[in-house]
Structures are given as C-alpha cells and as structure tokens.
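*Asks:* Let's see this in three dimensions:
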Amino acid sequence: MADHCGPRRFRRDERGTVLLLIVGFAVVLLMLAAVVTDASAAYLQRQGLDTLADGAALTAADAGASGDEAYGDGLDADLHLDAAVARAAVTSYLHRVGAFRRYPGLVTRVSVDPSTQRVMVSVRAPLHLPLHVPGGPEQASVGATSAATVGVDE
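*Replies:* I've put the predicted structure just below:
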C-alpha cells in the first residue's frame, strides 16, 4: 500500500504546479499583449505627429519667405525668412488640419535660423495609451521634429 499512496501524492502536487504554470503563462501573455498594444498606439501617434511636423515646416518655410526680395530685386537676391510669419503659418496650418482637436494638449515650437534659411518645427502631444502596463509611465508624451529650408536654385 505504501507504493500505491506515493504516486498519488506526486500527482496531486504536479497538478497544482501545472495550474500555477498555466496561470503564470496567461499573465505573461496578457502583459505582452498590453505592451504590444501600447507600443502600437505610441508608434501610430508618432507617425501622425511626424506628418503634422512635416506639413507645418513646409508651410512655415513657404509663408516665411514672402518672396518680396525675388520680385523686387530679381533672383540674385536671397530670400529672408520672417519668423513671425512662419510661426503664424504653423498655427494656422495646425488649426486647418484639425491637429489640436485630434491631439488634445498639442504643443508646438517653431524656430527660424536666418543664416541657413531653415525653419524647424517641433510638435509634442500627450500619449493616451489604451492599456496600462504595470510599471509603465503614468504620463507619457510623443513628439516629432521636422525642418524645411528656403532657397533659390540657380
């Protein structure tokens, strides 16, 4: 009888271990799914912000270089960027495409380098993750930067 009771105890202990392994594996799978979902959401938002930054930089460079120099002095003149006009163009563009509605909390920064005729636009927005992974950040944001240069090709 002692031989018969030994295997039964081993089977009971094994069943508890298997159940624990299954539960642990399910938790790991759920956390992995949450990480993949959140990473995908962050990637898609960054792609959208990249598109906004590109469009805003191109719009700012186009609007900032009014072309008065080219029309008045001919094509030998350098185009000069007007920083105030470039900033206003970025804000107008972002309102026109609905960026502030699509990305609540959107923050922009526009800088103009007159020596290189370059406009740089940075956009940043809070990231709203669909799932919360334990140990992940409470507040996250995603940003993108783009630049455009104005020049006259000879």
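
*Asks:* Name the residue closest to the centre of the protein, please.
*Replies:* Among the residues of the chain, the one closest to the centroid is residue 46, at 2.2 Å (C-alpha atoms, centre = their mean).

*Asks:* what's the spacing between it and residue 106?
*Replies:* 13 Å (C-beta to C-beta, to the nearest Å). Yep, even glycine has a C-beta here, placed from its N, CA and C like the rest.

*Asks:* quick one, strands of the chain?
*Replies:* Ranges of strands in the chain, per DSSP state E, are 107-113, 118-127, 140-149.

*Asks:* Which single helix of this structure contains the most residues?
*Replies:* Longest helix of the chain, by residue count under DSSP state H: helix 2-64.

*Asks:* Highest mean neighbour count out of the strands of the chain?
*Replies:* strand 118-127 (a mean of 21; mean count of other C-beta atoms under 10 Å).

*Asks:* Could you list every helix and strand in contact with that one?
*Replies:* helix 2-64, helix 83-96, strand 107-113, strand 140-149 (3 or more C-beta pairs under 8 Å, 6 or more residues apart in numbering; DSSP states H and E).

*Asks:* So for the first one, mean pLDDT?
*Replies:* In this model, helix 2-64 has an average pLDDT of 81.
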